[in-house]
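*Asks:* Generate coordinates for the sequence data below:
(one chain, ligands or ions: 1)
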Amino acid sequence: MEVALEQPAPRSLRALAEAAPKSEKVNLFDLDRSGIEALFESIGEKRFRAHQVMKWIYHRHVTEFVEMTDLGKVLRGKLEAVAEIRPPNILFEKDASDGVHKWLLGMDGGNAIETVFIPDKGRGTLCVSSQVGCGLNCQFCSTATQGFNRNLSTAEIIGQVWVAARHLGNVPHHQRKLTNVVMMGMGEPLLNFDNVVKAMSLMRDDLGLGLANKRVTLSTSGLVPMIDRLSAESDVALAVSLHAPNDELRTELVPLNKKYPIAELLAACQRYVSRRPRTSVTFEYTLMKGVNDQPEHARQLVKLLRKLPSKLNLIPFNPFPGTRFERSDETTIRAFQKIVLDSGVLATVRRTRGDDIDAACGQLKGQVLDRTRRQQMFRDKLQQLGGERVA
Ligand code: SF4
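*Replies:* Sure, this is the predicted structure:
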């Protein structure tokens, strides 16, 4: 397919995002079912009216109260006075040749984030962001080079799903084109716990997107106490960005490992699945040439995962400008997979999708007004190393 729009220059992106309307009204995208019910009670309306409005928003993609024809005029007037339905502002969108679709969405404060839809046989997966940028500094991650700005609101998280669902003509329970959501875009979702959990509840609510629990996946880099909190407060599929089979290497690639080493992380995963019989944890492992892709790494990995109900998702590294890592070659990837499979651990190799629009997970960019100055540090470091191509 062809590129739909040309990406505007960064300065005009910022101007566009900052020009987004600000409002004192409650954005209904910020409220889950209980929040919308409470709002309706506060204006003297019955719960079922709240449910009608949710269906208009999430099943019919209507954002104007005046178009909600089964609501009386008086109620519509009350809602106009206190609430609005304001989705993220689409700054830019385009298709890749393999059907992958990417949006650049403007967020309050002049930031922009990316959201990617990946169609596959019988399923359509949306990769959703939880923060503007990320502060965790994983060494192989494109988002990390941009630094961190802020957490996304519930409206900004569920809004990504709503924009995609509207684009696809998705109708929950009838015409389901969006079948899975992965919280795997920009940011560490467990560092934005409340907003992420609320948005994930809307994804699973029958009056929202109506997805089954197992079709909403939260991917974490390993915040152990928050995995336990998630286990107690929500019921979604868990994925863990592992990327290394021993603490020495993982601490180098995922600095958070210093605080929560592999043994503690796997113990938290075990607790998570023990509360949910017949579920497993997906471990993501990005294969980087000569770094973590050798047979001994595969054997170490098997020892870690053998006793845990788990699946291993092997991801060929997707190079981005300025990175020091390279993608493992096909033979090495297949040899790695074979060692794991032969040991009885389920392992798949993720096909790289959306290459022509930089849509792979870990490659989501957007525009981050960096509060941590990480991007400048990254550029300085590259310059010291003699790097020429900087993101
Ligand atoms: S891999 Fe995830 S947690 Fe690590 S820096 Fe990138 S976005 Fe953050």
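
*Asks:* tell me the strands in this structure, going along the chain?
*Replies:* 26-27, 83-84, 89-95, 101-107, 111-120, 123-127, 131-133, 148-151, 180-183, 216-220, 237-241, 281-287, 310-316, 346-349 (DSSP state E).

*Asks:* Now do the last one: which elements does it pack against?
*Replies:* Strand 346-349 sits against strand 310-316, helix 330-342, with contacts defined as 3 or more CB pairs under 8 Å, 6 or more residues apart in numbering; DSSP states H and E. All C-beta atoms are positioned from the backbone trio N, CA, C, and that covers glycine.

*Asks:* re earlier: can you tell me which of the strands of the chain is most buried?
*Replies:* Each of these was scored by mean neighbour count; the highest is strand 131-133, a mean of 27, by mean count of other CB atoms under 10 Å.

*Asks:* ok so, going back, how about the helices and strands packed on strand 346-349 in a markdown table, adding mean pLDDT and distance to the ligand?
*Replies:* As requested, these are exported to a markdown table (pLDDT from 0 to 100; distance: least, CB to the nearest ligand atom, whole Å):
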| stretch | mean pLDDT | distance to the ligand |
| --- | --- | --- |
| strand 310-316 | 95 | 11 |
| helix 330-342 | 97 | 20 |
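
*Asks:* Give me the distance between His100 and Gly169.
*Replies:* Careful, residue 100 is Val and not His. From Val100 over to Gly169 the distance is 17 Å, taken as CB to CB, to the nearest Å.

*Asks:* and those two? which has more neighbours close in?
*Replies:* Set Val100 next to Gly169 and count neighbours by other CB atoms under 10 Å: Val100 wins out with 22 against 10.

*Asks:* re the thing from before, quick one: closest of the helices and strands packed on strand 346-349 to Asn192.
*Replies:* Asn192 lies closest, by CB to CB, to one member of the helices and strands packed on strand 346-349: strand 310-316, at 22.9 Å.

*Asks:* by contact count, what packs against that closest one?
*Replies:* Applying 3+ CB pairs under 8 Å, 6+ apart, we find strand 310-316 packed against strand 281-287, helix 330-342, strand 346-349.

*Asks:* If we use 6 Å, what do you get?
*Replies:* strand 281-287, strand 346-349 (3 or more CB pairs under 6 Å, 6 or more residues apart in numbering; DSSP states H and E).

*Asks:* Let me have these in a markdown table, adding mean pLDDT and distance to Phe140 as columns.
*Replies:* Shown next, in a markdown table, are those (pLDDT from 0 to 100; distance: least, CB to CB, whole Å):
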| stretch | mean pLDDT | distance to Phe140 |
| --- | --- | --- |
| strand 281-287 | 97 | 6 |
| strand 346-349 | 95 | 17 |
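
*Asks:* Which positions in the stretch 151-300 of the chain make contact with the ligand?
*Replies:* Counting by CB under 6 Å from any ligand atom, the residues of the stretch 151-300 of the chain close to the ligand are Met186, Gly187, Glu188, Ser221, Ser241.

*Asks:* what do you get if the cut-off is 5 Å, keeping everything else the same?
*Replies:* By CB under 5 Å from any ligand atom, the residues of the stretch 151-300 of the chain that approach the ligand are Glu188, Ser221.

*Asks:* Which residue comes closest to the residue in the stretch 201-350 of the chain that the ligand sits nearest to once chain neighbours are left out?
*Replies:* Closest to the ligand within the stretch 201-350 of the chain is Ser221: 3.9 Å, counting by CB to the nearest ligand atom. Nearest non-adjacent residue to Ser221, counting by CB to CB, 6 or more residues apart in numbering: Ser241, 4.7 Å away.

*Asks:* what's across from that neighbour in the sheet?
*Replies:* Glu284 (DSSP bridges).

*Asks:* Quick check: it touching Glu284?
*Replies:* Yes: taking contacts as CB atoms under 6 Å, Ser241 lies within contact range of Glu284: 4.9 Å.

*Asks:* So, low pLDDT: which residues of the stretch 1-150 of the chain?
*Replies:* Where the stretch 1-150 of the chain drops to pLDDT under 70, the residues are 1-22.

*Asks:* Helices of that one, start to end?
*Replies:* Assigned by DSSP state H, counting those that start in this stretch, the stretch 1-150 of the chain shows helices spanning 10-18, 33-42, 47-58, 73-82.
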